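**Student:** heads up, no residue letters with this:
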């Protein structure tokens, strides 16, 4: 069984790992620049060090080792992010998905509004979901607006609102499953 709370936590983890990946790629870029410059400067630097009577500190091996470590970390993070996104899609697309909505909606201006229980918010979940779907937040699918704080359905009849909500959620789930393939 999957639920919005676990999906929110998974979305946070995906975002944190993407941030780490960005930092690793930035560090790797810097190391690659240094590795490119060493052969260009090695002759001058070693001759100068010899002329002034100090040893030349060749950082080539150290930088290559750092690059290898960064490459391994980058590969590992990419793999983790891919697995987490696949899990996110599977869990969100599950027929056992639990969405913590208050059971008593409010009817405002001819629309049915459901809030999440305990005034929960799911910002990271919706950030990742919107990204995967290629849409902006809030998600609007067939008269149903899904956002991090509430779900608003453009009808005032509660039964019809439930039907529209179920249909729009199934459409999102089917779209995610297609993206997964």
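**Tutor:** Yep, it's here. Owing to the predicted nature of the structure, the values given are computational and were not obtained by experimental measurement.
**Student:** Could you use CA atoms for every contact and neighbour count after this?
**Tutor:** Noted.
**Student:** how is the chain carved up into domains?
**Tutor:** Domain assignment for the chain by automatic domain parsing gives 4-92, 106-180.
**Student:** Off-centre distance for the longest one?
**Tutor:** Just to be clear, that refers to domain 4-92. On the basis of C-alpha atoms, centre = their mean, to the nearest Å, domain 4-92 sits 20 Å off its chain's mean C-alpha point.
**Student:** again, but for the last one
**Tutor:** With C-alpha atoms, centre = their mean as the basis, domain 106-180 stands 19 Å off its chain's centre.
**Student:** which stretch in the domains of the chain is the model least sure about?
**Tutor:** When the domains of the chain are ranked by mean pLDDT, domain 4-92 comes last with a mean of 88.
**Student:** right, so of the domains of the chain, which gets closest to residue 100?
**Tutor:** domain 106-180 (5.5 Å; C-alpha to C-alpha).
**Student:** which stretches of this protein form strands?
**Tutor:** With DSSP state E as the criterion, the chain has strands at 106-108, 111-115, 139-141, 144-146, 150-153.
**Student:** so can I have TSV of those showing mean neighbour count?
**Tutor:** Converted to TSV, the strands of the chain look like this (neighbours: other C-alpha atoms under 10 Å):
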stretch	mean neighbour count
strand 106-108	15
strand 111-115	21
strand 139-141	17
strand 144-146	21
strand 150-153	22
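**Student:** For residue 99, find the nearest of the domains of the chain.
**Tutor:** The nearest among those, by C-alpha to C-alpha, is domain 4-92 at 5.8 Å.
**Student:** quick one: terminal-to-terminal distance for that closest one?
**Tutor:** Length of domain 4-92, first residue to last, C-alpha to C-alpha, to the nearest Å: 8 Å.
**Student:** What of stretch 117-136?
**Tutor:** Criterion C-alpha to C-alpha; first-to-last residue distance in stretch 117-136 is 24 Å.
**Student:** residues near residue 83, how many?
**Tutor:** If you count neighbours by other C-alpha atoms under 10 Å, residue 83 ends up with 13.
**Student:** For it, give its distance to residue 77.
**Tutor:** From residue 83 to residue 77 the distance is 10 Å (C-alpha to C-alpha).
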